[in-house]
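Asker: Provide a 3D model corresponding to the input given below.
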Amino acid sequence: MPALRALNVLTAALAVAVPPAAAAAPAAAASVAAAPSRPPSIPVEVTGDGFCAPGPNVRPAGPLTFRVSTPDAAGRWWALMRLRGAATMDQVRQEFAGSYSPDPTVSLPALRAIYRDVDFRGGASVTPDAPVSVTSDFEAGTYYMSDTALEGATDGCGTGLTHLQRFRVAGHPRSTPPPRGGTVIEARTTAGGGQRFDMPRSWPSHASVVVRNRAEQPHEVIIVGVAPGTVDADVLRYFDALRNGDTSVPNPFGATVGGMLAISPGRTASFRIDLTPGRYAVLSFVRNPQTGVKSAFEGMFTTVTVR
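Answerer: Below you'll find the model as predicted:
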């Protein structure tokens, strides 16, 4: 999926009160009314032929959890997004095409237009061995799920599998607990204008992760295995070498395990993934709209140990 993979979103991130019983005492009634409910959980299997996210086309506002899996040994990318203002999918598709131009006077304005016109709501990078459950919050409006396409949207699953599925959300958000997780990742802008991840250096193998984007562009959380003993300096040395055309520095990376696709600035989402103990790099490859460089090459990564 050339367009979405460039942001890894999609590249960034593929996204709904119980009334008191009549006889309840006032205090008990208030307790029951305030009790949060768990978000609906929707299974999505992504294949080479597409996917289908079952359920009503109009969903209640609030959090939704998508349990994303794939049988594809090469892995799949599945994104959630919403268009802003009067932007259309045809317009956004043209912006993606322009963002690949070798001419930076064309590609950089197109990239900035994408970030302006698309509200990225997460999604999943998924492999057969590591299904991902991603939870994002949805207010009233129209949203898209995509694995490879930015055209040919179906409402619901249409007549079967699709590569671009549209769904609507209506109503006021339900009372639900805020996202919580044992691991919190924050994307932020530094005092010098760079962008960095803040996160724990040690993760549990059953990882429940909350991602907060406080940076100035969309970011994703992609988890890639690295060689034992790999530290941040090794990753930076490799990226710097690649940018300079130097192929002598050893590649520290192994296989991509999975992760969550991009969320836009100001957004929070969460995901769950099971990881084998070992060393990993956590990266965002979403491009910097000022330089056109993938953010990981500019320092948007952290090495961690899964125990």
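Asker: going by C-alpha atoms from here, please, whenever you check contacts or count neighbours.
Answerer: OK.
Asker: strands of the stretch 101-250 of the chain, start to end?
Answerer: Here the stretch 101-250 of the chain has its strands, by DSSP state E, counting those that start in this stretch, at 118-126, 132-138, 141-146, 154-155, 164-170, 183-189, 195-198, 202-203, 206-214, 219-226.
Asker: run the chain-centre distance for the third one.
Answerer: Computed by CA atoms, centre = their mean, to the nearest Å, the separation of strand 141-146 from the middle of its chain amounts to 14 Å.
Asker: same thing with the fourth one?
Answerer: Mean C-alpha position of strand 154-155 versus that of the full chain (CA atoms, centre = their mean) differs by 22 Å.
Asker: quick one: strands adjacent to it?
Answerer: Strand pairing for strand 154-155, using DSSP bridges, gives strand 164-170 (parallel).
Asker: who's in contact with the partner strand?
Answerer: 16, 52, 57-61, 138-157 (CA atoms under 8 Å, 6 or more residues apart in numbering).
Asker: out of the strands of the stretch 101-250 of the chain, deepest packed?
Answerer: strand 118-126 (a mean of 31; mean count of other CA atoms under 10 Å).
Asker: neighbouring strands for it, and are they parallel or not?
Answerer: strand 76-83 (antiparallel), strand 253-263 (antiparallel).
Asker: export these to TSV and tack on distance to residue 183 and mean neighbour count?
Answerer: Converted to TSV, those look like this (distance: least, CA to CA, whole Å; neighbours: other CA atoms under 10 Å):
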stretch	distance to residue 183	mean neighbour count
strand 76-83	22	26
strand 253-263	13	25
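Asker: what's the closest of the ones you listed to residue 271?
Answerer: strand 253-263 (6.7 Å; CA to CA).
Asker: neighbouring contacts of that closest one?
Answerer: 7-14, 77-79, 119-127, 130-132, 134, 213, 218-227, 269, 271, 273, 275, 286.
Asker: just the CA trace of the longest helix seen in the chain, in PDB.
Answerer: The residue-count maximum for a helix in the chain (DSSP state H) belongs to helix 104-117. What follows is helix 104-117 as a C-alpha-only set of coordinates in PDB (Å, rounded to 0.1, in the frame of the first residue of the first chain):
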ATOM      1  CA  PRO A 104      10.800  18.900  -2.400                       C
ATOM      2  CA  THR A 105       8.900  21.900  -3.600                       C
ATOM      3  CA  VAL A 106       6.100  19.500  -4.500                       C
ATOM      4  CA  SER A 107       6.500  16.700  -1.900                       C
ATOM      5  CA  LEU A 108       6.800  18.900   1.200                       C
ATOM      6  CA  PRO A 109       3.700  21.000   0.600                       C
ATOM      7  CA  ALA A 110       1.800  17.800  -0.200                       C
ATOM      8  CA  LEU A 111       3.000  16.100   3.000                       C
ATOM      9  CA  ARG A 112       1.900  19.200   5.100                       C
ATOM     10  CA  ALA A 113      -1.500  19.100   3.300                       C
ATOM     11  CA  ILE A 114      -1.900  15.400   4.300                       C
ATOM     12  CA  TYR A 115      -1.300  16.300   8.000                       C
ATOM     13  CA  ARG A 116      -3.700  19.200   7.700                       C
ATOM     14  CA  ASP A 117      -6.500  17.200   6.000                       C
END
